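Colleague: what follows is a predicted structure for the sequence shown.
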Amino acid sequence: MTRRVYIFDTTLRDGEQSPGVSLNAGEKLQIARQLARLGVDVIEAGFPIASQGDFEAVQAIAREVRGVTVAGLARAGFADIDRAWEALRDAEQPRIHTFIATSPIHMQHKLRMDPEQVIEAAVAAVKRAKSYVSDVEFSAEDASRSELDFLCRVLEAAIAAGATVVNIPDTVGYATPQEFAQFIREILSLVRGIEKVVVSVHCHDDLGLAVANSLAAVAAGATQVEGAINGIGERAGNAAIEEVVMALFTRRDQYGCTTGIRTEEIYRTSRLVANLTGMPIQPNKAVVGKNAFAHESGIHQDGVLKERTTYEIMNPTMVGISQSNLVLGKHSGRHAFRQRLAELGYELNDQELNKAFQRFKTLADKKKEITDADLEAIVEDELRPVPVTYDLAYLHISSGTTVVPTATVGLKKGGELLEEAACGNGPVDAICRAVDKVTGIPCVLKSWGINAVTAGKDAIGEVTLKIAENGGKTYIGRGISTDILEASARAYVNAVNKMFWETGRVERKQHGPQEEENRVEQGLA
Ligand SMILES: CC(=O)SCCNC(=O)CCNC(=O)[C@H](O)C(C)(C)COP(=O)(O)OP(=O)(O)OC[C@H]1O[C@@H](n2cnc3c(N)ncnc32)[C@H](O)[C@@H]1OP(=O)(O)O
Ligand SMILES: CC(C)C(=O)C(=O)O
Ligand SMILES: [Mg+2]
């Protein structure tokens, strides 16, 4: 039989405790609306006594967001609880979440209270909260470092006082999965009345075990998991909700649990939280990272192209990502290379493909990322090798903050040296204009981009650009040099040569040895 596990989202409370994160009321409201669309059961909207801003944010969420429980956090003190109620009173389903620490280390050093005082404070807090709302969650902070007998007494007292949810936090991420599962099993068997309430866990990621501990607790019988989107939160963060949910779904054979989450909303929620909190998602992050459904190795790409499930245990569309991504790099193989070229509109025969593939591998050894423009340039060169009509003989640039950028270029055409100078908005513009003067054909620079082919201060830059002749067809040019202006000039001349060749401005004949040498110099052969 499948069990329903409740998802308690604390992105807006514990998540906001991430160092450097502060969300205003508008941003919190935006995230809360999306969390409701995602289908979480509880949104912990904030800690109302923390600041006027947080109070207003919780109040705004309580007033607007429907179909979900809205919780506010409060220490075990009347002022906190009263303030939480003030903020939550207009919620459709309000929950006051009150907490106090139960571990010897916290009671002695932080609270400076003895265990009996802690029990008294817990009971008084739950009763106060209960006087306002029927749904009261009690958390025993630092539960995983608390003595089991004492913890059970506190939980029992909180349930007797009216708590509807008891939460067992691993506040400092100290637990390990087997130990935590055993801890939960013991609590479930020892605490009187626990069968009447929801048993929750709240795990932190100090040892990278937050999700594993949460899942172990669910397997042991916990019925609510607390966490944050993208795993943000105090220190190393909370259990990542998207990971917990997708693990419960993907391994439902193991856990036998369901959640109310609409998984297709996961990616959108993750992006929104990353954007509004300013906490970027690491590329290799499970479920929502840029690489979570990306494959770079040829063997994997081949497998995925033949049958996606060879290397994917989840369908990306299930989490709201449109498709798997085959990334071309030095580890890629011909199957993925051919597929990407087909997507770009190139159908190559086996011989052409092999030649282009060798060029691609050579480039991939030098560059981290191979772009579509790189592929287009490779294929264009392979399929349509062009003779060198113009060859860059020299380039002189005058540029700076107080001078008009000026370029002088010398281009060889046959045995002749043709020289021109031009001014421009910047040095690249000046180069383009000077080349145009030589050729007599003004072109528009449609795009220009540079990549470092090698690392370090003396990196070789590779410029890829696109030009078009007065609204006409686009030609791609590439040029490499340690000087980015020289690379730009070479790329521009390369594109001009393609234009001359394709528009029939030069005689169509095979490359001679000198032309092939020139192609090598330009980094094109
Ligand atoms: C594990 C968690 O994530 S707990 C939640 C942590 N989140 C936050 O702290 C964010 C919001 N916090 C705040 O804005 C502030 O800390 C406030 C407004 C709550 C309190 O601010 P201050 O009154 O200046 O107290 P301060 O934060 O310096 O110290 C905390 C006090 O609360 C007490 N306290 C801590 N937890 C509890 C608790 N659960 N119940 C009762 N008292 C508690 C501490 O012992 C300390 O009391 P003391 O002043 O008598 O020594
Ligand atoms: C307030 C409690 C639930 C908490 O955040 C923790 O113990 O980590
Ligand atoms: Mg926490």
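Modeller: Done, it's in. Fair warning: this is a prediction, and the values are worked out from it, not measured in the lab. Ligands and ions are numbered 1, 2, ... in the order given.
Colleague: so which bits of the stretch 201-350 of the chain are right by ligand 1?
Modeller: By CB under 6 Å from any ligand atom, the residues of the stretch 201-350 of the chain that approach ligand 1 are E234. All C-beta spots, glycine's among them, are computed from the backbone N, C-alpha and C.
Colleague: and the residue of the stretch 201-350 of the chain that's closest to ligand 1?
Modeller: E234 (5.4 Å; CB to the nearest ligand atom).
Colleague: secondary structure class for P385?
Modeller: Under DSSP: H, G, I helix; E, B strand; the rest coil, P385 falls in the coil class.
Colleague: picking up where we left off before, A143 versus the residue of the stretch 201-350 of the chain closest to ligand 1, what's the distance?
Modeller: 15 Å (CB to CB, to the nearest Å).
Colleague: same question, H202
Modeller: 9 Å.
Colleague: one more: I450?
Modeller: 55 Å.
Colleague: returning to what we had before: identify the contacts common to H202 and A143.
Modeller: N167, I168, P169, D170, T171 (CB atoms under 8 Å, 6 or more residues apart in numbering).
Colleague: picking up where we left off before, looking at I450 and A143, which is more packed in?
Modeller: Comparing I450 with A143 by other CB atoms under 10 Å, the one with more neighbours is A143, at 27 against 16.
Colleague: ok, and the closest non-adjacent residue to the more buried one?
Modeller: I168 (4.5 Å; CB to CB, 6 or more residues apart in numbering).
Colleague: before we move on, what about A160?
Modeller: G193 (6.6 Å).
Colleague: and that neighbour, what are its phi and psi?
Modeller: phi 90, psi 0 (degrees, to the nearest 10).
Colleague: likewise V198?
Modeller: phi -80, psi 130.
Colleague: isn't it right up against Q224?
Modeller: Yes: between V198 and Q224 there is a contact at 5.0 Å, judged by CB atoms under 8 Å.
Colleague: the more surrounded of these two?
Modeller: The neighbour comparison of V198 against Q224 (other CB under 10 Å) goes to Q224, with 23 against 20.
Colleague: so what sits opposite that one in the bridge?
Modeller: Beta-bridge partners for Q224, by DSSP bridges, are Y6, S200.
Colleague: I figured it hits D9, correct?
Modeller: No: between Q224 and D9 there is no contact under CB under 8 Å: 11.0 Å.
Colleague: what is in contact with those two at once?
Modeller: Shared contacts of Q224 and D9, counting by CB under 8 Å, 6+ apart, come down to V42.
Colleague: and whatever helix or strand I450 lives in, what does it pack against?
Modeller: Secondary structure assignment for I450, by DSSP states H and E: strand 444-452. For strand 444-452, the packing partners by 3 or more CB pairs under 8 Å, 6 or more residues apart in numbering; DSSP states H and E come out as helix 427-439, strand 461-468, helix 484-502.
Colleague: tell me the strands beside it, with direction?
Modeller: strand 461-468 (antiparallel).
Colleague: check contacts around D9.
Modeller: D9 neighbours (CB under 8 Å, 6+ apart): L35, L38, V40, V42, I43, E44, E226, G227, A228, I229, I241.
Colleague: mark which of these are buried, thanks.
Modeller: Among these, the ones that count as buried by 16 or more other CB atoms under 10 Å are L35, L38, V40, V42, I43, E44, E226, G227, A228, I229, I241.
Colleague: grab the nearest non-local neighbour of the third one.
Modeller: Think V40. D9 (4.2 Å).
Colleague: next up, phi/psi of the one you found, please.
Modeller: Torsion angles, degrees, to the nearest 10, at D9: phi -100, psi 120.
Colleague: quick one: secondary structure of the closest residue to P115 other than its chain neighbours?
Modeller: Nearest residue to P115, sequence neighbours excluded (CB to CB, 6+ apart): F150, at 5.7 Å. What three-state DSSP gives for F150 is helix.
Colleague: picking up where we left off before, quick one: common contacting residues for V198 and Q224?
Modeller: Joint contacts of V198 and Q224 (CB under 8 Å, 6+ apart) are Y6, V165.
Colleague: tell me who's in contact with Q178.
Modeller: Taking CB under 8 Å, 6+ apart, one finds A216 in contact with Q178.
Colleague: chain center to the host helix or strand of it: distance?
Modeller: Using DSSP H and E, the element containing Q178 is helix 177-190. Helix 177-190 sits 34 Å away from the centroid of its parent chain (CA atoms, centre = their mean, to the nearest Å).
Colleague: what residues does the protein have near ligand 2?
Modeller: D14, F99, S139, E141, N167, P169, T171, H202, H204.
Colleague: which of the three states applies to the second one?
Modeller: When classified by three-state DSSP, F99 comes out as strand.
Colleague: now the fifth one
Modeller: Assigned state for N167: strand (three-state reduction, three-state DSSP).
Colleague: so it bridges to which residues?
Modeller: Going by DSSP bridges, N167 forms beta bridges with S139, S200.
Colleague: pLDDT wise, what is it at?
Modeller: Note for N167: predicted pLDDT of 98.
Colleague: show the contacting residues for it.
Modeller: Contacts of N167 (CB under 8 Å, 6+ apart): H97, F99, E137, F138, S139, A140, A143, S200, V201, H202, Q224, E226.
Colleague: just the last one next, same as before
Modeller: The contact partners of H204, taken as CB under 8 Å, 6+ apart, are 169-173, 210, 233-239.
Colleague: three-state assignment of the nearest residue to it once chain neighbours are set aside?
Modeller: In this structure, H204 finds its nearest non-sequential neighbour in G173, 3.8 Å apart by CB to CB, 6+ apart. With three-state DSSP as the basis, G173 sits in coil.
Colleague: burial count for whichever residue of the stretch 301-450 of the chain sits closest to ligand 2?
Modeller: Closest approach between the stretch 301-450 of the chain and ligand 2, counting by CB to the nearest ligand atom: V319, at 26.0 Å. Other residues near V319 come to 23 when the count uses other CB under 10 Å.
Colleague: ok, now P385?
Modeller: P385: 16 neighbours (other CB under 10 Å).
Colleague: I397 in helix, strand or coil?
Modeller: Using three-state DSSP, the structure places I397 in strand.
Colleague: thought D429 was touching it, still the case?
Modeller: No: I397 is beyond contact range of D429, at 11.4 Å (criterion: CB under 8 Å).
Colleague: what residues are shared contacts of these two?
Modeller: P405.
Colleague: who's more crowded, the two?
Modeller: Between I397 and D429, counted using other CB under 10 Å, I397 has the larger neighbour count: 20 against 17.
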